[in-house]
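1. Build me a model:
(chains A, B, C and D)
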2 protein chains.
Amino acid sequence: MKNTATRDKLIDSGAQLISQQGYNATGINAVLKTCGVPKGSFYHYFSSKEDFGLAVIERFAASYDETLMALLEDNDTPPLERLKRYFAAGREHMHECDHATGCLIGNLGQELSGQSDTFRDALNLVFQRWEQRFVRCLEDAQTRGDIATHSPPEALASFILTGWEGAILRAKTLKSVEPMEHFEKILFQQVLVPSS
Amino acid sequence: MKNTATRDKLIDSGAQLISQQGYNATGINAVLKTCGVPKGSFYHYFSSKEDFGLAVIERFAASYDETLMALLEDNDTPPLERLKRYFAAGREHMHECDHATGCLIGNLGQELSGQSDTFRDALNLVFQRWEQRFVRCLEDAQTRGDIATHSPPEALASFILTGWEGAILRAKTLKSVEPMEHFEKILFQQVLVPSS
DNA sequence: CCTAAAGTAGACCAGTCAGTCTATTGCTTT
DNA sequence: AAAGCAATAGACTGACTGGTCTACTTTAGG
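-> Next up is the predicted model:
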């Protein structure tokens, strides 16, 4: 399995379609059609649709984790500013996709975690990795005295991730980033504040 | 269409299955099997699966709105206490379903708002109705001086609803209500506080 | 009591699903 | 050059999808 170009094409098309329509609504044939790959190749690289779905998750998570790291662990920028940039990037992406796709991991978490434990575990790990990035950024902010809250950074990180995911979901049904703006505003006005 | 017993059975079974597996993963035949209704009856009451799905949403929303009203507009209870009871009820439900179903409207919002505008509109309306209930409860709290925040109650309501929905999503993938507890704790410790 | 409509019943349809199968092509190693 | 494997290619399968069709049973109204 040296030639990964075909495999990559499949995963790219799959990620795109699954982002738009969800996992169950995306057929393998549709993926094959959009990238012009025959079925024989698909089952050469993946043992099943589930296997393929996990590969899509893995790849998305890896690529997303890179941008997350670049944003949240940029030590030249104050930690709260890094968070703001992260939110701004999310809002921008939401505009770009016309409020249609949102967050692939969030989508699949909603759709599949009740359907398959394998998927649930994989998605849970991705979320936990993201949370760790938030934790580190929040710890930075706490040691610098930028935030005064005594809440443990783990709880804050969970709060931020869930709030943001929920805001993305709401933005999708509302077709507007307004819920994301509300979340960010209240978060920085009342939760991540310097003096208690 | 006088006899609504069969129709109700279909909607009940549909709501249950869709809650567990999602809309796309739930086949009409599966619904028919679980409630022992023949296909002829299904298409007598509903013109299509989409029509059926909308009926399921409508019914769930109506029934849920009743409990929401009972909890959030109980004037014998302080507004913040009402909110706490709402969150407690949500956590309890999450335990009961073994962290598997979560919120039907949230699930469908994630799965379908990119797939069909009809569904998106219906789900958006439900969310907006819920937000209105929160707004009224928060206004109560503000006029009583229970919360000091100057944020408009509409923004706070959006913040609470999205945060809660996100926490439910995270609870599903984590199989634990911990994210819901984190959300509630930080919300009452740092956002809905009496003295600024 | 008869007629018409409401509702029940399930066989059936075309299309699609994930997945299998065999055949062929291209590349690498010996 | 030959052998062997990676990869391509797509026809094909059985199961299942949402939806249609016709026949039958029950109920309601005149």
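
2. Quick check: pLDDT value at the residue in chain A that DNA strand C sits nearest to.
-> Closest to DNA strand C within chain A is A:Gly27: 2.9 Å, counting by Cβ to the nearest atom of the strand. All C-beta spots, glycine's among them, are computed from the backbone N, C-alpha and C. With respect to pLDDT, A:Gly27 scores 98.

3. quick one: low-confidence parts of chain A?
-> Applying pLDDT under 70 to chain A picks out residues A:1-3, A:196.

4. what about the helices in chain A?
-> Using DSSP state H, the helices of chain A run over A:5-21, A:28-35, A:39-45, A:49-72, A:79-96, A:104-112, A:117-143, A:153-174, A:178-186.

5. Let me have those helices in JSON lines, extended by mean neighbour count.
-> JSON lines is the format used below for the helices of chain A (neighbours: other Cβ atoms under 10 Å in any protein chain shown):
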{"stretch": "helix A:5-21", "mean neighbour count": "19"}
{"stretch": "helix A:28-35", "mean neighbour count": "16"}
{"stretch": "helix A:39-45", "mean neighbour count": "14"}
{"stretch": "helix A:49-72", "mean neighbour count": "17"}
{"stretch": "helix A:79-96", "mean neighbour count": "17"}
{"stretch": "helix A:104-112", "mean neighbour count": "25"}
{"stretch": "helix A:117-143", "mean neighbour count": "19"}
{"stretch": "helix A:153-174", "mean neighbour count": "26"}
{"stretch": "helix A:178-186", "mean neighbour count": "21"}
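
6. With respect to B:Ile186, which of these lies nearest?
-> Checking the helices of chain A against B:Ile186 by Cβ to Cβ gives helix A:153-174 as the closest, at 4.7 Å.

7. Need the helices of chain A in CSV (columns: distance to B:Val31).
-> Listed next are these as CSV, based on distance: least, Cβ to Cβ, whole Å:
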stretch, distance to B:Val31
helix A:5-21, 22
helix A:28-35, 25
helix A:39-45, 31
helix A:49-72, 23
helix A:79-96, 34
helix A:104-112, 18
helix A:117-143, 23
helix A:153-174, 24
helix A:178-186, 32
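
8. List, one by one, the residues from chain A near DNA strand C.
-> Contacts of chain A with DNA strand C, taken as Cβ under 7 Å from any atom of the strand, map to A:26-30, A:39-40, A:43, A:48-50.

9. any chance of the residues you listed in a markdown table, plus distance to chain B?
-> Shown next, in a markdown table, are the residues of chain A next to DNA strand C (distance: Cβ to the nearest Cβ, whole Å):
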| residue | distance to chain B |
| --- | --- |
| A:Thr26 | 9 |
| A:Gly27 | 11 |
| A:Ile28 | 15 |
| A:Asn29 | 16 |
| A:Ala30 | 13 |
| A:Lys39 | 22 |
| A:Gly40 | 27 |
| A:Tyr43 | 22 |
| A:Ser48 | 16 |
| A:Lys49 | 13 |
| A:Glu50 | 13 |
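
10. coming back round to it: quick one, which of the helices of chain A gets closest to DNA strand D.
-> For DNA strand D, the closest of the helices of chain A is helix A:39-45, at 1.9 Å, according to Cβ to the nearest atom of the strand.

11. residues contacting the closest residue to chain B within chain A?
-> In chain A, the residue that lies nearest chain B is A:Gly166 (2.6 Å; Cβ to the nearest Cβ). By Cβ atoms under 8 Å, 6 or more residues apart in numbering or on different chains, the contact set of A:Gly166 is A:179, A:183, B:161-167, B:169.

12. Same check on A:Gln110?
-> For A:Gln110, the contact set (Cβ under 8 Å, 6+ apart) comprises A:169, B:102, B:106-107, B:110-111, B:169, B:172.

13. Filtering those by proximity to DNA strand D, which remain?
-> Okay, of those, nothing touches DNA strand D (Cβ under 7 Å from any atom of the strand).

14. would you list those in TSV and tack on distance to A:Thr149?
-> Listed next are the contacts of A:Gln110 as TSV, based on distance: Cβ to Cβ, whole Å:
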residue	distance to A:Thr149
A:Leu169	25
B:Gly102	28
B:Gly106	27
B:Asn107	32
B:Gln110	30
B:Glu111	35
B:Leu169	24
B:Lys172	27
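
15. just these now: which is nearest B:Ala155?
-> A:Leu169 (17.1 Å).

16. how far away is that closest one from B:Gln16?
-> 22 Å (Cβ to Cβ, to the nearest Å).

17. now A:Phe119
-> For A:Phe119, the distance to B:Gln16 equals 21 Å [Cβ to Cβ].

18. Ok, A:Val191 next?
-> Taken as Cβ to Cβ, the span from A:Val191 to B:Gln16 is 37 Å.

19. again with A:Gly102
-> Taken as Cβ to Cβ, the span from A:Gly102 to B:Gln16 is 26 Å.

20. One more: A:Asn75?
-> 51 Å.

21. circling back to that earlier point, any idea how many residues pack against the residue of chain A closest to DNA strand C?
-> Applying other Cβ atoms under 10 Å in any protein chain shown, we find 12 residues neighbouring A:Gly27.

22. got the CA positions of stretch A:179-187 in CSV?
-> What follows is stretch A:179-187, C-alpha atoms only, in CSV (Å, rounded to 0.1, in the frame of the first residue of the first chain):
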residue,chain,number,x,y,z
PRO,A,179,-25.3,32.2,18.5
MET,A,180,-21.5,31.9,18.1
GLU,A,181,-21.1,35.6,18.7
HIS,A,182,-23.3,35.5,21.8
PHE,A,183,-21.3,32.7,23.2
GLU,A,184,-18.0,34.4,22.7
LYS,A,185,-19.2,37.7,24.1
ILE,A,186,-20.6,36.3,27.3
LEU,A,187,-17.7,34.0,27.7
